[in-house]
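Trainee: need a 3D model of the sequence below.
(8 chains)
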Protein chains: 8
Amino acid sequence: MKKILIVSGSKSDENLVKVGTELLENWEIQYDYKVLSAHRNLKELMKFIEENEKEYFAIIAVAGLAAALPGVIASLTQKPVIGVPNEVGTLKGIDALLSMTQMPGGVPVATMGIGKHGMKNAVYFVKRLIENEEEK
Amino acid sequence: MKKILIVSGSKSDENLVKVGTELLENWEIQYDYKVLSAHRNLKELMKFIEENEKEYFAIIAVAGLAAALPGVIASLTQKPVIGVPNEVGTLKGIDALLSMTQMPGGVPVATMGIGKHGMKNAVYFVKRLIENEEEK
Amino acid sequence: MKKILIVSGSKSDENLVKVGTELLENWEIQYDYKVLSAHRNLKELMKFIEENEKEYFAIIAVAGLAAALPGVIASLTQKPVIGVPNEVGTLKGIDALLSMTQMPGGVPVATMGIGKHGMKNAVYFVKRLIENEEEK
Amino acid sequence: MKKILIVSGSKSDENLVKVGTELLENWEIQYDYKVLSAHRNLKELMKFIEENEKEYFAIIAVAGLAAALPGVIASLTQKPVIGVPNEVGTLKGIDALLSMTQMPGGVPVATMGIGKHGMKNAVYFVKRLIENEEEK
Amino acid sequence: MKKILIVSGSKSDENLVKVGTELLENWEIQYDYKVLSAHRNLKELMKFIEENEKEYFAIIAVAGLAAALPGVIASLTQKPVIGVPNEVGTLKGIDALLSMTQMPGGVPVATMGIGKHGMKNAVYFVKRLIENEEEK
Amino acid sequence: MKKILIVSGSKSDENLVKVGTELLENWEIQYDYKVLSAHRNLKELMKFIEENEKEYFAIIAVAGLAAALPGVIASLTQKPVIGVPNEVGTLKGIDALLSMTQMPGGVPVATMGIGKHGMKNAVYFVKRLIENEEEK
Amino acid sequence: MKKILIVSGSKSDENLVKVGTELLENWEIQYDYKVLSAHRNLKELMKFIEENEKEYFAIIAVAGLAAALPGVIASLTQKPVIGVPNEVGTLKGIDALLSMTQMPGGVPVATMGIGKHGMKNAVYFVKRLIENEEEK
Amino acid sequence: MKKILIVSGSKSDENLVKVGTELLENWEIQYDYKVLSAHRNLKELMKFIEENEKEYFAIIAVAGLAAALPGVIASLTQKPVIGVPNEVGTLKGIDALLSMTQMPGGVPVATMGIGKHGMKNAVYFVKRLIENEEEK
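Mentor: Residues are numbered from 1 along each chain as shown, chains lettered A, B, ... in the order given. As a prediction, this is how the structure comes out:
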């Protein structure tokens, strides 16, 4: 069965992540959730992705502020990476949105909207990917 | 073989689209390209999506200004939709970026960066989706 | 007698809509209010507009986030469409304002300000349209 | 026959205005065009509106920078006023867009997008108003 | 003795105005305070300025949203006009700041910062003008 | 006779300053123009202001980027200081506009618009101050 | 032992400063904290920097609004100056961020993020500077 | 002698980097310049930093768009990292500025202004660090 990896940059993203995991649980899609920062745990993040990426069908990366997490993961794996900007900090996620979307050519991050709507849509998007494949 | 649909909202997006189709051709990924506006050809767009969506593995939607195209396509199909904001108009794509990302929960648009980098990444992302599936 | 159609993209826009309907009731202008999303109920929206547009003198469309609603309605009817950006989400309606105003040439949305002032003015504007016509 | 008044705040808006008057001429809709600034010719503007408003079916006001023109006209007449922000100055029309939309409740300005698309849509909107009335 | 006129566009600006009038009272500078909107009371505003401008040494204009008030007053009088953007509405005064500063050449509005700091500084600036003159 | 001091933060502001000095020359208002940066020549600036401020009726300070110049001058003198943001750099003067207006209470900078319109208006404003005084 | 100077522009920055001084105390790095505004106490600030700069290894300058403080300090000393924008006022520190970063060439301010994260990082950065030196 | 490492995310940053290296050469400060992207060469970047960090006194990281480079380097080393946002892409460096400054607490990036001024100041700042140390 297809399994999703959710990574968030900080434990404080957990409330936002829950908005997505509830949907995944309703739809009986398996997932793992890790808290690993691109800035504070870069090597651990790299090790985890390298050793485990094969297990996962897609990766959802949630981060706020200078949200480098989804871009860094997208550079470590060839799996599809979906980014969700969290609305933390004084700029309320606009910084995270730009940090995720404005990637250089070759390292794609599929970015969703800021906050709850974005988290939900990351999961809806993953569901489309899974169903797309099963259909064939 | 997996085929991609590229839709742009206006003929003037063609230069941007070409940045992506050149990559697709290099990688020998099949695609069709249609110019259909969510505002000027809504019914034609709906008809095309309904009649043809089964043929396509994923849809890339390119638009500028109040870029409703990817969101509208995402509401017409369950296929994965990737949005690329074009940097046209006085706001240089910031309007299009927000119009694409800030979708309500349930209708996901996987948004890439503004302009050329974004167009390239839409195609790189689609390649990941295809390889992800083949791998299994 | 002239009747106004108000459409909002989500039930959560109801508080904002009420600011306008109270004025309409004070002025004894008839209206209908429907909740229909351009993203979640596109076909229902199209059907409703097609079957009922003749009944209405003008349409007020209220939406937040990637507010495609007024633009989509404006592409489905030749009636005058007035857009009101709701200040929901982390960007407080700036996203909705740009999604409404930055329409391509040919599909006009007459956009009012963000939130309550905008909702009031949508109704004041409609009143001007009605009186303008009666005067002649 | 219904006649439209176009007012722009400066002679330098003429190129933008032409985008609209060409459409009006194609459609054989009569119009007058005046250059009158809310800041430099306020009294002349007031006099002109007061003496001539009856002649016009709707007023399109084009302005850049701190674009007070449409709001001031909307406070001088009960006719429908449509605002078009010109993309002049270092802020490229974002200042004008906010100066037009963010009106206090009671004085509606129906704002179109920045620049050419907006000017075209102002005229398309006026056409809808005229046809709306004729239809009845 | 030199007298200052303070005009605000709405009664809801009163709290902000008070921040300035307390300073004026401490310094025993005379002032009058009027609530007159450039949009809702344009003629009354014009009449007031015309009949009374001679009495005043300088005019402080406070407004939020599409804050046309200081610009309109500056076009009605040759007195120095100081603008204070109020942080009302969803854009928190950024709209008002741009509506005040981005004046066309020939109609100067001396703009202060948004909100309380700006209101205080309007009064500090007026004090400088008064002392500047007395010194000579 | 009243004399104006114009200070700009860099020699590269000279073109913008000229827009103002031409008006001053037309109106036969005397002025001195100094290039003194708040960042590169702070002590020289302080010395100049201290030794010469008595000579001047008002000070116009022109600067781009993190435009600290008008605020620093306003803290060195009790003369009225008028700020003009130059549209240099990638942010085109928005940074300078905020650096000038957002002063703490007690140190007023009377800010004009970005670029040429702002420079003209600084001089128009000074003319109002001079005439205001002469009138009495 | 190396000592750090922290200067903030206002007593109201104290809560933010505390986020940094707690870290300094944990790490047993000595510091002095002064409240000195570039606008309200410019001469005192200059005197303090001139007389005491030799004592300090680096200077952290915290300010909100038109945050001229770090730039002015950087122009008074050759010591490394680190700027921290406080999220006060209606623009929540965006004004301060631009006022600090957008310095002219030659007067460097090493700017950290807005608010608490930035304050912490200023102190983390200083620790790196100290350890960098000790290491050699 | 102290040596500086300059890393830029793309070969296209070379023109901007040159603005800094010319200064370094004038001042006879040694440096190495590497092009290594946090997204396209993450492992190579990590390897280079790990193996060579001891050689360098400080690291200047130049990047545009979603400029993760300085933050990633700051997480790989305890050396002081200075970030310079390049003004590439449609957002002209605003995206890069936010991606660099808005770092989570614990991983400091000392950010300079966008483009040439910023690049110069990165080098001026490094010079202060070197002289600061030598002085002792």
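Trainee: and residue A:87, that's in a strand?
Mentor: No: assigned with DSSP: H, G, I helix; E, B strand; the rest coil, residue A:87 falls outside any strand and is coil.
Trainee: secondary structure class for residue A:4?
Mentor: Once three-state DSSP is applied, residue A:4 turns out strand.
Trainee: roughly how far apart are it and chain B?
Mentor: 12 Å (CB to the nearest CB, to the nearest Å). All C-beta spots, glycine's among them, are computed from the backbone N, C-alpha and C.
Trainee: ok, and the closest non-adjacent residue to that residue?
Mentor: residue A:31 (4.2 Å; CB to CB, 6 or more residues apart in numbering or on different chains).
Trainee: just the pLDDT for the one you found.
Mentor: Here the pLDDT value assigned to residue A:31 is 98.
Trainee: quick check: phi and psi on residue A:92?
Mentor: phi 60, psi 30 (degrees, to the nearest 10).
Trainee: dump the residue contacts of it.
Mentor: By CB atoms under 8 Å, 6 or more residues apart in numbering or on different chains, the residues touching residue A:92 are A:114, C:90, C:91.
Trainee: tell me the contacts of the first one?
Mentor: The one in question is residue A:114. Neighbours of residue A:114 in contact, by CB under 8 Å, 6+ apart: A:85-87, A:92-94, A:96-97, B:101-102, C:89-91.
Trainee: specify the local secondary structure of it.
Mentor: Going by three-state DSSP: residue A:114 is coil.
Trainee: against residue D:125, how distant is the closest residue to chain E within chain A?
Mentor: Distance from chain E to each residue of chain A (CB to the nearest CB) is smallest for residue A:92, at 12.2 Å. Using CB to CB, to the nearest Å, residue A:92 is found at 33 Å from residue D:125.
Trainee: okay, the lowest-mean-pLDDT helix or strand in chain A in CSV with CA atoms only?
Mentor: Least confident helix or strand, chain A: helix A:116-135 with a mean of 93, by mean pLDDT, DSSP states H and E. The C-alpha trace of helix A:116-135 is given here as CSV (Å, rounded to 0.1, in the frame of the first residue of the first chain):
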residue,chain,number,x,y,z
LYS,A,116,-5.1,25.1,6.9
HIS,A,117,-6.4,25.3,3.4
GLY,A,118,-2.9,24.5,2.1
MET,A,119,-2.5,21.5,4.4
LYS,A,120,-5.8,20.1,3.4
ASN,A,121,-5.0,20.5,-0.2
ALA,A,122,-1.6,18.8,0.1
VAL,A,123,-3.5,15.7,1.3
TYR,A,124,-6.2,16.1,-1.4
PHE,A,125,-3.4,16.4,-3.9
VAL,A,126,-1.7,13.2,-2.7
LYS,A,127,-5.0,11.4,-2.9
ARG,A,128,-5.3,12.4,-6.5
LEU,A,129,-1.8,11.0,-7.2
ILE,A,130,-2.7,7.7,-5.5
GLU,A,131,-6.0,7.4,-7.3
ASN,A,132,-4.4,8.5,-10.6
GLU,A,133,-2.0,5.6,-10.4
GLU,A,134,-4.5,3.0,-9.2
GLU,A,135,-6.8,3.8,-12.0
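Trainee: now do it against helix B:116-135, angle only.
Mentor: Using axes from the mean of the first three to the mean of the last three CA atoms, to 10 degrees, the direction of helix A:116-135 lies 40 degrees away from that of helix B:116-135.
Trainee: is helix A:116-135 positioned near chain B?
Mentor: Yes: Helix A:116-135 lies within reach of chain B by CB under 8 Å from any CB of the partner chain, at A:116-118, A:120-122, A:124-125, A:128-129, A:131-133.
Trainee: all helices for chain A, in order.
Mentor: A:14-26, A:42-52, A:69-76, A:94-101, A:116-135 (DSSP state H).
Trainee: which neighbouring elements make contact with the first one?
Mentor: So the one you mean is helix A:14-26. strand A:3-8, strand A:30-35, strand A:58-63, helix A:116-135 (3 or more CB pairs under 8 Å, 6 or more residues apart in numbering or on different chains; DSSP states H and E).
Trainee: export the ones you listed to JSON lines and tack on mean neighbour count?
Mentor: JSON lines is the format used below for the helices and strands packed on helix A:14-26 (neighbours: other CB atoms under 10 Å in any protein chain shown):
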{"stretch": "strand A:3-8", "mean neighbour count": "22"}
{"stretch": "strand A:30-35", "mean neighbour count": "16"}
{"stretch": "strand A:58-63", "mean neighbour count": "28"}
{"stretch": "helix A:116-135", "mean neighbour count": "21"}
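Trainee: can the ones you listed go into TSV with extra columns for distance to residue F:3?
Mentor: Formatted as TSV, those follow (distance: least, CB to CB, whole Å):
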stretch	distance to residue F:3
strand A:3-8	62
strand A:30-35	65
strand A:58-63	57
helix A:116-135	59
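Trainee: looking at those, which is nearest to residue F:50?
Mentor: Of all the helices and strands packed on helix A:14-26, the one in closest proximity to residue F:50, counting by CB to CB, is strand A:58-63 (50.9 Å).
Trainee: who does the closest one touch, helix- and strand-wise?
Mentor: Using 3+ CB pairs under 8 Å, 6+ apart: strand A:58-63 touches strand A:3-8, helix A:14-26, helix A:69-76, strand A:81-85, helix A:94-101, helix A:116-135.
Trainee: need the ones you listed in a markdown table with distance to residue G:27, can you?
Mentor: Output for these, formatted as a markdown table (distance: least, CB to CB, whole Å):
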| stretch | distance to residue G:27 |
| --- | --- |
| strand A:3-8 | 28 |
| helix A:14-26 | 29 |
| helix A:69-76 | 28 |
| strand A:81-85 | 33 |
| helix A:94-101 | 28 |
| helix A:116-135 | 37 |
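Trainee: that's all I had, so thanks and see you.
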